[in-house]
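Novice: Sequence and predicted structure below; questions after.
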Amino acid sequence: MKRLLAGLTLASLLAAPAFAALAPGAVAPDFTLPAALGGKDFTYDLALALKKGPAVVYFYPKAFTSGCSAEAHEFAENIDNFKALGATVIGVSGDNIKVLEDFSTKDCASKFPVAADPKGEVIAKYDVALGVPGASVMMKMDHPSNRTSFLVGPDGKVIATYSALDASKHVATMLGALKAWREGHKG
């Protein structure tokens, strides 16, 4: 009975929407991480990316899991829409760089970079650590993150935040927020 109750409690925690700590208007923590694009390693620097315009920084639990793969595919399919609005996209997870080299070519279709945060330092700064370690297969890594997307403006402030383990609305939500922001920043 205790196992059943614990399982139901865990299921409700994972099914409930999560809320990111960084609200619109907060300063997004700057970071530099090893990243991969098209299977090639480089160093991603958020401050440098923001000099070019807004950035979508999206955190996902684990590469090659069903939700994370679906989300990466959707970002890849919509990358031209983000670029047309002057934004870049970076995915961040607790996976190591070797895993992300492969993920960047397969699930990201070499369209946008993914960054490795295996120590969970950036995940902690953004307060998006998944709160139930060891709860499922996707959490067999040391520092899983929640599925949370941030739109960060060129000034380094969070424009919009969306957090939900369900991957299906992250891209549309970030595109909508980007379009609304862009409307207010024409010229």
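Specialist: Alright, I've got the coordinates. Residues are numbered from 1 along each chain as shown.
Novice: can you pull out the helices in this protein?
Specialist: 2-15, 46-50, 66-84, 97-106, 121-125, 170-184 (DSSP state H).
Novice: mind putting these in CSV, mean neighbour count included?
Specialist: (Glycine included, C-beta is placed from N, CA and C.) Below are these laid out as CSV (neighbours: other CB atoms under 10 Å):
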stretch, mean neighbour count
helix 2-15, 10
helix 46-50, 16
helix 66-84, 18
helix 97-106, 19
helix 121-125, 18
helix 170-184, 17
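Novice: So which of the ones you listed is nearest residue 114?
Specialist: In terms of CB to CB, the element of these nearest to residue 114 is helix 97-106, at 4.7 Å.
Novice: Residue 42: what's it in contact with?
Specialist: Neighbouring residues of residue 42 by CB atoms under 8 Å, 6 or more residues apart in numbering: 34, 35, 36, 113.
Novice: Listing request: residues of the protein with sub-threshold pLDDT.
Specialist: By pLDDT under 70, the low-scoring segments of the chain are 1-20, 131-144, 187.
Novice: make it 80
Specialist: Residue ranges of the chain with pLDDT under 80: 1-21, 130-145, 186-187.
Novice: Residue 167 and residue 60: what is the separation?
Specialist: 8 Å (CB to CB, to the nearest Å).
Novice: more crowded one of the two?
Specialist: Set residue 167 next to residue 60 and count neighbours by other CB atoms under 10 Å: residue 60 wins out with 30 against 23.
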